[in-house]
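> need a structure here:
(4 chains)
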Number of protein chains: 2
Amino acid sequence: MPQTSGPYHHGDLRTACLRAARELLEEDGSAGLSLRAVARRAGVSATAPYRHYADRDALVSAVAAEGYRELAEILTAAHPSPTTPDELATVALAYVRFALDRPAMFRVMFAEPCDPDNEERVAATAAITRYVRDLVHGLFPAADADALATAVWALVHGLAFLHLDGKLDSSTPEAVAAQVRGAVHAVLDALPAATRGGA
Amino acid sequence: MPQTSGPYHHGDLRTACLRAARELLEEDGSAGLSLRAVARRAGVSATAPYRHYADRDALVSAVAAEGYRELAEILTAAHPSPTTPDELATVALAYVRFALDRPAMFRVMFAEPCDPDNEERVAATAAITRYVRDLVHGLFPAADADALATAVWALVHGLAFLHLDGKLDSSTPEAVAAQVRGAVHAVLDALPAATRGGA
DNA sequence: ACTAGAATGTGTACACCGCTCACATTAGGC
DNA sequence: GCCTAATGTGAGCGGTGTACACATTCTAGT
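Here you go, the predicted model:
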């Protein structure tokens, strides 16, 4: 009996579940994200969420989709359209910071063996792919845009994961920033650029 | 009653658990790796493994440690000491192939929110770090070895994860190889090299 | 306004999980 | 040969995902 006097129908249980799931993720990490806990937090019986999400994975995928949207916002907020390697490094740092600031969310987004045919997820990652490719193409018009875009995304993504897993020194934000900027510059500074302005 | 006529003591339950854990990981993925399933497969009561592993995480860490060792072997087998970007791309491809061929193992190694102070794991990753740094230093003596080594590992690691998560086209081994080689070359070909031999 | 049926939420139940604890069995050092 | 430590057993607790039958409420068509 979740509520003593609440109405039988919740009103918007779907988004309430999503909200509860995100809170639990922040508080207890991925392990704490159980459908039952979500139901408890939403003030609803344990099986009610199944009316809105086929199973746990579906809920997790919905959370991940939100994460993708927020990551995209954070990246464009870091710099709307970087035109130098240094500005790109700023965006890269924002990516890594996202991973370190919200590790559980980042893991849910990338480290779960999820089904790849979830519509929301596919759309969200396609957006990131496009963003990176356009960005790289603007920065290095001479290069093979696809290959370099893949390389840049992989570089940044790898930096995020290695930091997240303690494979690199993440003791201070400054150390992280130095490594991310160093790695990005080490790789990009030698490339023939067109729009190169800063260092 | 796991065995009708087996001896009370297993003999080497520790390694039997490890072996069973690896098999379950291959068969059912990370989710299927439960202590109870391991115990069943080892022909032993559900709680017996606790004599050898403090908890599930400890077992998983032991499995991951084996994974690190095997990854190191695979890398050196791919090329003992690469001296050109193309040879390095071959090693990179071996890394990505490891991730794609044994996704559950790779995820256990890198995608689990594990405690970073597990001795075996720390030692194993330190070995990889050293390997990559020496390799990069030999290839690009002029560059900042640490920064470039970080970049290269991150690049390869990111490629592995993006492929694993379906963010890149992994439909055929050839597609994977092309992308990995393309990305590595896109990034490294422009760098001032000393020992550059091949393309 | 009434009513059928669709949507939504509840409760029960099952199998599985990690893990603790008291106990049984065995191996090895004295 | 015995005593102790190591190892394995079994019952049991609280948690989980999820299938199922049932209750309630909303909504549309009359």
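> what comes into contact with the lowest-mean-pLDDT helix or strand in chain A?
Counting by mean pLDDT, DSSP states H and E, chain A has its least confident helix or strand at helix A:119-139, which shows a mean of 85. Defining contact as CB atoms under 8 Å, 6 or more residues apart in numbering or on different chains, one finds that helix A:119-139 is touched by A:61-62, A:64-65, A:68-69, A:71-72, A:75-76, A:81-85, A:88, A:91, A:114, A:116, A:143, A:145-146, A:148-149, A:152-153, A:193-195, B:167. Just so you know, the C-beta spots here come from the backbone N, C-alpha and C atoms, and that holds for glycine as well.
> Quick one, which of those residues are buried?
The neighbour-count test (16 or more other CB atoms under 10 Å in any protein chain shown) marks A:61-62, A:64-65, A:68, A:71, A:75, A:82-85, A:88, A:91, A:114, A:143, A:145-146, A:148-149, A:152-153, A:193, B:167 as buried among those.
> For chain A, just list every one of the strands.
Counting by DSSP state E, chain A forms no strands at all.
> what residue ranges in chain A score low on pLDDT?
Judged against pLDDT under 70, the low-scoring parts of chain A cover residues A:1-6, A:8, A:113-117, A:193-199.
> can you list the domains in it?
According to automatic domain parsing, chain A comprises the domains A:1-53, A:55-193.
> residue ranges of the helices in chain A, please?
Secondary structure of chain A by DSSP state H: the helices cover A:13-28, A:35-41, A:56-78, A:85-101, A:103-110, A:119-139, A:145-164, A:173-188.
> The closest residue to residue A:136 other than its chain neighbours: what's it in contact with?
In this structure, residue A:136 finds its nearest non-sequential neighbour in residue A:149, 4.3 Å apart by CB to CB, 6 or more residues apart in numbering or on different chains. If you count contacts by CB under 8 Å, 6+ apart, residue A:149 has them with A:129, A:132-133, A:135-137.
> Mind giving me the ChimeraX command for buried ones among these?
This is how ChimeraX selects the buried members of these, with burial counted by 16+ other CB under 10 Å:
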select /A:129,132,133,135,136
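> Dump the contacts of residue A:149 to CSV, plus distance to residue B:176.
Converted to CSV, those look like this (distance: CB to CB, whole Å):
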residue, distance to residue B:176
A:129, 16
A:132, 19
A:133, 19
A:135, 24
A:136, 20
A:137, 23
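> which two in the contacts of residue A:149 are spaced the farthest apart?
Largest separation among the contacts of residue A:149 by CB to CB: A:129 and A:137, giving 12.3 Å.
> Could you show which parts of chain A are in contact with DNA strand D?
Taking CB under 7 Å from any atom of the strand as the contact definition, chain A meets DNA strand D at A:7-9, A:34-37, A:46-47, A:50, A:55-57.
> Of those residues, keep whichever come out buried.
With burial judged by 16+ other CB under 10 Å, the buried subset of the residues of chain A next to DNA strand D is A:35, A:37, A:56.
> Now do the second one against chain B, distance only.
If I follow you right, that is residue A:37. To chain B, residue A:37 is 17 Å away according to CB to the nearest CB, to the nearest Å.
> From DNA strand C, how far out is residue A:185?
Residue A:185 sits 43 Å away from DNA strand C, going by CB to the nearest atom of the strand, to the nearest Å.
> Apart from its neighbours in sequence, what residue is nearest that residue?
Per CB to CB, 6+ apart, closest to residue A:185 is residue A:85, 6.0 Å.
> Could you do residue A:96 as well?
residue A:160 (4.7 Å).
> quick one: contacts for that neighbour?
By CB under 8 Å, 6+ apart, the contact set of residue A:160 is A:95-96, A:98-100, A:106.
> contacts for stretch A:36-47?
Identification of contacts with stretch A:36-47 by CB under 8 Å, 6+ apart yields A:2-3, A:6, A:10, A:13, A:16-17, A:20-21, A:23-24, A:35, A:48-49, A:59.
> Next: stretch A:59-68.
A:17-18, A:21-22, A:25, A:33, A:35, A:38, A:49, A:53, A:102, A:105-106, A:108-109, A:112, A:114-115, A:118, A:120-121, A:124-125, A:127-128.
> Many thanks, we can stop here.
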